[in-house]
Structures are given as structure tokens and as C-alpha cells.
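>>> structure for this input, please:
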Amino acid sequence: MYSGEYVIIELINRAKKLSRTVIYLTPFILCLNSGLYSSDENGPYNYLPLLVLFLTGGGLALLIFWTIYRKRVISLRYSETKYRDLIENSSTIILDMDTSGRITYMNKFAYSFFGFNMTEIMGKKVVGTIVPEFESTGRDLKALLEKIYEEPDNYFSSENENMRRNGERVWIAWTNKGIYGAGGKLQGVRCFGIDRSRQRRVELELIKYRQQLEDMVEERAGEIKVKNEALEIQIKKVRELNITLTEEKDNMKKMQDELAASEMKFRTLSEQSMLGIMILQDNVFRYCNEGYSIISGYSSGELYAMQPGGFLNLIHPDDRAFVAEQAAKKQSGDKDVVNNYQVKAITKTGGIKWINILSRTIQYEGRPADFVNIADVTEIENMQERLKDTIDALKKSNDELSKFAAATSHDLQEPLRTISIYVQMLKKRNESILDAESLQYMHFTVNGVKQLSALVRGLVQYMTVNKDGDSSRKTDTDTAVKGVIKSLEEKIVKSKAKINVGKLPAVMAESSQVVEVFTELLDNAIKFSAKKNKPVISITAKPVNKHWLFCVKDNGIGISSRYFQRIFIILQKLHIKDEYEGPGIGLAKCKKIIEGYGGNIWVESEEGKGSEFCFTLPAV
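Residues are numbered from 1 along each chain as shown. This is a model prediction of the structure:
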């Protein structure tokens, strides 16, 4: 029940008490005035004047209370309507849920953000609709939500992964507050959310690139000392960017706390917000908060005094025509209007800031107006520019390292071939006079040279894999797998392997890289087969969120779960070299290829029960 309804009920109760008081006093007044209103000295009493007086007075009192009551009702309804309009049109996600986790209210922005309408979401549980049971990080969100239902005040601030109607995962920072009824009984939870997906992606990108830089430093030795020093400089820059992002996150947290503390009153919320909030009507400022004054450098009085269209003068000339065009489309009701965009603004001192504008059409004092939210994103733009420079430097360094690896490979292969040829010539010439031990040493030498040569070739192949795959090319995986099976025909026949291939789709990836991945996985499935069983291998595919999920399953020796991550690291082998050949590069190369297309690769296995390697590639 809202505060206005409590006031109305109280006024009605008071009116009832007054009516009862008037009725109780009527006989007493009649008795006091009986002598004054008799028709003659001994005749019957005439109560008509007294009755008229009583009814007139009582009616007047009731009329006064009714007038006060109507004014209060109209005022309260206007206030509640204005407050609801402001909440409904806020750019913050606002929703209520009961103690069982069912949604009881959402504002317009929340419906638009998550992609649901009222009939689809109202009354549904939060988990399974806008909150997945588990985060992509593995955190159990269902358990977390149950704690919030029970003790919302202990989870005033939280951040977790959410999902939209189309399955897209987004990160939202939430502020939660309990809704209590009569007697302090918890009736539900009110939640305020701000989308942090963009900051989250930037943080993850920074972590990924920092890890790449550190891995590159570890892989290189003293012979590339100069390049290592350059990489150390890049790592320092990335760490500085990470510190800056952490500070930005703290600022965002402070803003969330301010918004949550003033949730019941729009003006209080607006004045404490770090966002610029304004209402434009007929191209004139009708309202602007302190946040926008800070961003623009103009006081509220200066903004209110501006002539119609004065807001456009605060936009940079490069973007002014675009903003004016969107304003005109909004006023004409054009569906092609852009409500959220980023432009440059000019401050009072002539400085330039990047601002993000989000606008909605509302009813203000009975007429259409633009409710505008403005965020100063200058620092974010600067950080993105610095991040771009860092990425460009990293790509340049990668190119130099690839060239270095190719040159090193060529220089190493030639002496290795020479060693192998001369050792074999010595063995052929002196085989009759050498003892068995000497011949064995020569055999070991030739095999060692072959293994080293294979390792060098593998490293060069790994270094030359394009980290960002060309996703503009379409490849038929069915054709690619048939070619792989043909190339491995000798091994398949020798091992008596049976290969079952399901219906395979086309994907957006380079054909040669798709062939490399399937070749490595099929070759491993045959190589690591159990000796007591003939290899049985299956290849399947199914659609998952605009990607195809491929799985290569075998009945081989299997892998312990503690090695699931290690096998995808370059030069990591789990088996004895004499038992299973290979330099330990293949799966690392597969991981690099798959991640270049934004996919993932993993293994599910148990020792002695076979393995299943799964990976995703973008669908056509």
C-alpha cells in the first residue's frame, strides 16, 4: 500500500468519528434549547429550527472535510503518478520479487533490457528467466538468489551474471533492499541494477592480453632479450590500465550506493546521482540535476535561461547535426530513432568531453517531453584508445616473433639434417666392425634428431597459427572430415578403427584450420586407443547459441581429470615418449585455432573409459 492510500484511509476515519460525535450531541442540544424553541408557553416544542441548525452545521463540517480530503487525494495521485513515471522511465533496471523469487514488478527499462513483455515474465521465477542457474564462471546463482530472498539486507550490494530473453549473458551490479509489511514481516525484495557488461568485457580482455604477454615472456630465453624488454614494458602498461579500471569500478560502486540510498524520491536520487539527468520540452530545459551541471560546467540557472535549442549548442559541431536529427525523429514519432548514442560535448570552459546519451519520451505536466540521461564516458574512451594502442603493439610483437621462429627453424633444420645423414653414413660404412652398443648409440642419435626436427617444425606451426581466425570464410565440415579420414586411412586400417560420423554443418572458419583440428583429434583418438579394444570413434555436432558444438569421442585409455587443463599447454605430455610419439604441441595448436574464432575447447574423460573432446565454432 502506498503512502497516499494511508492518508486517505486516515481522513475517512476522522470523518466517521466527527459524524458520530454530531449524532451523540444532538439530544443534549435539544434539551438545552427546548425552552427557546417552543411554540407558546405551554404548547408543544418546535424542534424544526434546531434541526435545521444542526443539519446545516454538520453538513458544513462534512463539506469542509470532504474538500480537504479531495485536495489531498488529487495531490497524492499527482505525486504518485509523477514518481511512477520517473521510475518507469529511469535508465536503471528496477524490479520487485516475492520471497519465493517470483517477479512481481518491472519498470519499462527492465522489460526493454531483458527483452521480455509483461505476460512472459510477470509471476515467473527470477532463476531460469533473467538469472541462469550457474554463471559461466561456475558460481551457483540459484543458491545465491535463495539467500537474497531470505536475508536481502545482508546482500545489499551484489554483482552477478544475468541473461536476456535471447540467451545473451550480461553482467549486472545489483542493489537489493527488503520490502516489509505490517509488523515488519518480509514481503519481498526490491532490486536496482546497472549493466556492467562492457566494463566486464574490458577487464577480461585485459586479463587475457596480460596473460598472453606473460606467457610469451616465459617462453622466450636469453637470445631474444631485447624483445623481452619490450614485452615487459607492454605488461606494465596493461597493469596500469587494470589499476585504472579498478578505480573506475570503485567509482561505479559509489554511484550505485548513492542511487540505492535515494530510491524512494526521484529528486533526491537525481541530485545525488553522478549521471546528468534532464527533462527537455520544446527544446527548453525544464529540469536538470547537479550531475549535468558538473558535466557541462553550467549552473542550473544558466541552463534554464538558455534560449530554445540551447542544448544543441552544448554538443560538438561534429555531432550536432546527428543529435538534432534524432531529436526531430523523436518528436515526429519516427520508429527509426536512435535513443542511445555517444557524442562529444563542449563544456562551459570550451573543453571537450565524451558523453553517452540515453533518452525516452515521457509525459511532463501533461505534454510530451524528453527524459535524458547523460554519462561522462571520457575516461572510458581514453582507456579504450590506450588499450587499442597496446593491442596493436602486441600484434606487432607477435609478427616479429613469428618471423624470428621461422628463421630459427630454417637455421636449425639444416644442421639437424646434416647430423642425421652423416650418422647414417657412418653406420652403413662401419656396421660390420661396430659392436651392438655402438650401433644402438647411432640409432638413438638418429631418433633424437628426428624428434628434435619434429619439435622444431611443430613450434613453427604453432607460432604461425593466426590467433584471430578469418571468420568470413565458410567451410563445410563434412567435406573437411572426409578429407581427414582419407589422409589417415593407413593408420585407420592398421589399427582397425571404426569411425562413425554424424551429420556435420558448415561453419565460418578457414578450411585449412578446421582440417588441422580434426586431424589432430582423430590422430590422437587412434594413437591413444586401449590395446585390448579396437578403436571406436564418433564425430557429432549440434547447434548452441549461434555456434556449432562438435564432439570427437573415443573408447581409448582416457585422461585423469587433474590433467584436463595441462594437455592444452604447449610441450606438455602425459605419457612416456617411447610409448606414444609426438612433441606435445597438437592440442595447444587446436586451442589457439578455436579461440581465434571466439570458441572454446575442452575434454571430458575418465581413466580407462575413453575421452570426448568438444569445441565450438561460429555457425553460418
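
>>> how about the secondary structure of residue 257?
What DSSP: H, G, I helix; E, B strand; the rest coil gives for residue 257 is helix.

>>> these two touch, right, it and residue 157?
Yes - at 7.3 Å, residue 257 and residue 157 qualify as touching, with contact defined as C-beta atoms under 8 Å. Any C-beta I mention is one placed from the backbone N, CA and C, and that applies to glycine too.

>>> please name the residues that touch the residue nearest to the spatial centre of the chain.
With distances taken as C-alpha atoms, centre = their mean, the residue of the chain nearest its centroid is residue 170 (2.6 Å). For residue 170, the contacting residues are 161-164, 195, 197, by C-beta atoms under 8 Å, 6 or more residues apart in numbering.

>>> list residues touching both of residue 257 and residue 157?
Counting by C-beta under 8 Å, 6+ apart, the contacts common to residue 257 and residue 157 are residue 175.

>>> what is the end-to-end distance of stretch 302-312?
Counting by C-alpha to C-alpha, to the nearest Å, you get 15 Å between the two ends of stretch 302-312.

>>> cool, and stretch 108-120?
End-to-end distance for stretch 108-120, by C-alpha to C-alpha: 14 Å.

>>> residue 225 belongs to a helix?
Yes - under three-state DSSP, residue 225 falls within a helix.

>>> you'd agree residue 483 is up against residue 512?
No - applying C-beta under 8 Å as the test, residue 483 and residue 512 come out as separate, 10.6 Å apart.

>>> please say which of those two ends up with more neighbours.
Shown here are residue 483 and residue 512; by other C-beta atoms under 10 Å, residue 483 has more neighbours (15 against 11).

>>> show me where the stretch 451-600 of the chain has strands.
474-476, 498-501, 506-508, 536-544, 547-553 (DSSP state E, counting those that start in this stretch).

>>> now do the stretch 51-200 of the chain
Under DSSP E, counting those that start in this stretch, the stretch 51-200 of the chain gives strands at 93-98, 103-106, 157-163, 169-180, 186-195.

>>> now tabulate those strands in a markdown table and tack on mean pLDDT and distance to residue 287.
Output for the strands of the stretch 51-200 of the chain, formatted as a markdown table (pLDDT from 0 to 100; distance: least, C-beta to C-beta, whole Å):
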| stretch | mean pLDDT | distance to residue 287 |
| --- | --- | --- |
| strand 93-98 | 94 | 20 |
| strand 103-106 | 94 | 25 |
| strand 157-163 | 93 | 29 |
| strand 169-180 | 94 | 24 |
| strand 186-195 | 94 | 21 |
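
>>> possible to save the ones you listed as CSV with distance to residue 301?
Output for the strands of the stretch 51-200 of the chain, formatted as CSV (distance: least, C-beta to C-beta, whole Å):
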stretch, distance to residue 301
strand 93-98, 31
strand 103-106, 37
strand 157-163, 36
strand 169-180, 32
strand 186-195, 30
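
>>> how many neighbouring residues does residue 367 have?
Residue 367 has 9 neighbours, counted by other C-beta under 10 Å.

>>> surely it touches residue 281?
Yes - with contacts counted by C-beta under 8 Å, residue 367 reaches residue 281, the gap being 6.6 Å.

>>> separation between residue 202 and residue 242?
10 Å (C-beta to C-beta, to the nearest Å).

>>> between those two, who's got more neighbours?
More neighbours surround residue 202 than the other of residue 202 and residue 242, with 18 against 14 (other C-beta under 10 Å).

>>> hmm, who's touching the helix or strand containing the more buried one?
Per DSSP states H and E: residue 202 is located in helix 197-219. Contact with helix 197-219 is made by 170-172, 228, 231-232, 234-235, 238-239, 241-242, 245, 248-249, 252, 383-384, 387, 390-391, 394, 397, 401, 570, as judged by C-beta under 8 Å, 6+ apart.

>>> from those residues, which land in helices?
228, 231-232, 234-235, 238-239, 241-242, 245, 248-249, 252, 383-384, 387, 390-391, 394, 397, 401 (DSSP state H).

>>> neighbours of residue 429, how many?
Other residues within reach of residue 429 by the criterion other C-beta under 10 Å amount to 10.

>>> how is this structure partitioned into domains?
Split into domains by the TED database, the chain comes to 87-198, 277-376, 383-448, 470-618.

>>> what about the stretch 351-500 of the chain, any weak spots by pLDDT?
Applying pLDDT under 70 to the stretch 351-500 of the chain picks out residues 397-414, 416-417, 422, 441, 444, 446-472.

>>> ranges for the helices of it?
For the stretch 351-500 of the chain, the helices defined by DSSP state H, counting those that start in this stretch cover 378-430, 436-463, 477-487, 489-495.

>>> the third one packs against which elements?
Other helices and strands packing on helix 477-487, by 3 or more C-beta pairs under 8 Å, 6 or more residues apart in numbering; DSSP states H and E, are strand 498-501, helix 511-527.

>>> if we use 10 Å, what do you get?
strand 498-501, strand 506-508, helix 511-527, strand 536-544, strand 547-553 (3 or more C-beta pairs under 10 Å, 6 or more residues apart in numbering; DSSP states H and E).

>>> adding distance to residue 307, write the ones you listed out as JSON lines.
Converted to JSON lines, the helices and strands packed on helix 477-487 look like this (distance: least, C-beta to C-beta, whole Å):
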{"stretch": "strand 498-501", "distance to residue 307": "73"}
{"stretch": "strand 506-508", "distance to residue 307": "53"}
{"stretch": "helix 511-527", "distance to residue 307": "61"}
{"stretch": "strand 536-544", "distance to residue 307": "56"}
{"stretch": "strand 547-553", "distance to residue 307": "54"}
